[in-house]
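[1] After the sequence you'll find the predicted model.
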Amino acid sequence: MRRKEREIKDTETIVSIIEHMRTIRVAIASDDAPYIVPLSFGFERNGDDFIFYLHSAKEGRKIELIGKNPAVGFEMDECLKLKGEEEACSWTAEYVSVIGTGELKLVENREEKKHGLEVLMKSMTGKSFDIPYSALDHVAVLRLVVRSISAKGNGFIGF
């Protein structure tokens, strides 16, 4: 990270940032160019492990590409405030961002698929839902296990 003074190292702060985000952008390897997809997500932490659950259509480019190569990058950010000056190049933004790498795979197990959708709904709405098994047949659930993660911010003092 070039701007070390903006790095956020505290794990609990990174968790708090993730919990306030609503969209994760996942970069998937493709033959001709990276394929980046914005997705809603659910997040949980098991000890030092960060796991994201994503929902998807059961077929399409994203599913095909992760079947070939599950290694992905991800990013989420929020511009908190623009700070203007008289000169254009003097403007700056207060922001916070999280980036990382991981492995994205299709969840095959029905119990984990149900759990993933429940985590996603809880993360997105703040409410607990019992996902009916009949709903599982209509969507794919993807699990992103994080390999590396980092965060930074400018003017960020916490949520």
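    Thanks, I have it.

[2] Run through the residues that contact the most centrally placed residue in the chain.
    Taking Cα atoms, centre = their mean as the criterion, I24 is the residue nearest the geometric centre of the chain, at 3.5 Å. Listed by Cβ atoms under 8 Å, 6 or more residues apart in numbering, the contact set of I24 reads P38, L39, S40, F41, F52, L54, F74, E75, M76, L144. The C-beta positions use only the backbone N, C-alpha and C, and glycine is treated the same way.

[3] The same query, at a cut-off of 10 Å, please.
    18, 37-41, 43, 52, 54, 74-76, 98, 100, 144 (Cβ atoms under 10 Å, 6 or more residues apart in numbering).

[4] Quick one: the strands in this protein, in order.
    With DSSP state E as the criterion, the chain has strands at 7-8, 24-28, 35-39, 41-46, 49-56, 71-83, 92-106, 140-154.

[5] Contacts made by the shortest one with the rest, please.
    Spelled out, it's strand 7-8. Outside of strand 7-8, the residues within contact range by Cβ under 10 Å, 6+ apart are 1, 14, 16-17, 96-98, 150-153, 156, 158.

[6] Parallel or antiparallel, which strands does that strand pair with?
    Within its sheet, strand 7-8 is paired with strand 140-154 (antiparallel), according to DSSP bridges.

[7] pLDDT of the strand it pairs with, averaged?
    For strand 140-154, the mean per-residue pLDDT is 95.

[8] Over to stretch 73-92?
    Here the average pLDDT along stretch 73-92 is 81.

[9] longest helix anywhere in the chain?
    Ranked by residue count and defined by DSSP state H, the top helix of the chain is helix 110-125.

[10] which other helices and strands contact that one?
    strand 41-46, strand 49-56, strand 140-154 (3 or more Cβ pairs under 10 Å, 6 or more residues apart in numbering; DSSP states H and E).

[11] what comes up buried for the last one?
    Applying a neighbour-count criterion of 16 or more other Cβ atoms under 10 Å, one finds A140, V141, L142, R143, L144, V146, A151, K152, G153, N154 buried in strand 140-154.

[12] Restricting to C-alpha, output it in PDB.
    The C-alpha trace of strand 140-154 is given here as PDB (Å, rounded to 0.1, in the frame of the first residue of the first chain):
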ATOM      1  CA  ALA A 140     -27.100 -20.200  -7.100                       C
ATOM      2  CA  VAL A 141     -25.200 -19.300  -3.900                       C
ATOM      3  CA  LEU A 142     -21.500 -18.500  -4.100                       C
ATOM      4  CA  ARG A 143     -19.000 -18.600  -1.200                       C
ATOM      5  CA  LEU A 144     -16.000 -16.300  -1.300                       C
ATOM      6  CA  VAL A 145     -13.400 -17.400   1.200                       C
ATOM      7  CA  VAL A 146     -10.900 -14.500   1.700                       C
ATOM      8  CA  ARG A 147      -7.200 -15.100   1.300                       C
ATOM      9  CA  SER A 148      -6.000 -11.600   1.800                       C
ATOM     10  CA  ILE A 149      -7.800  -8.400   2.800                       C
ATOM     11  CA  SER A 150      -6.700  -4.800   3.400                       C
ATOM     12  CA  ALA A 151      -8.500  -1.500   4.100                       C
ATOM     13  CA  LYS A 152      -7.700   2.200   3.900                       C
ATOM     14  CA  GLY A 153      -9.400   5.500   4.400                       C
ATOM     15  CA  ASN A 154      -9.000   9.200   4.200                       C
END
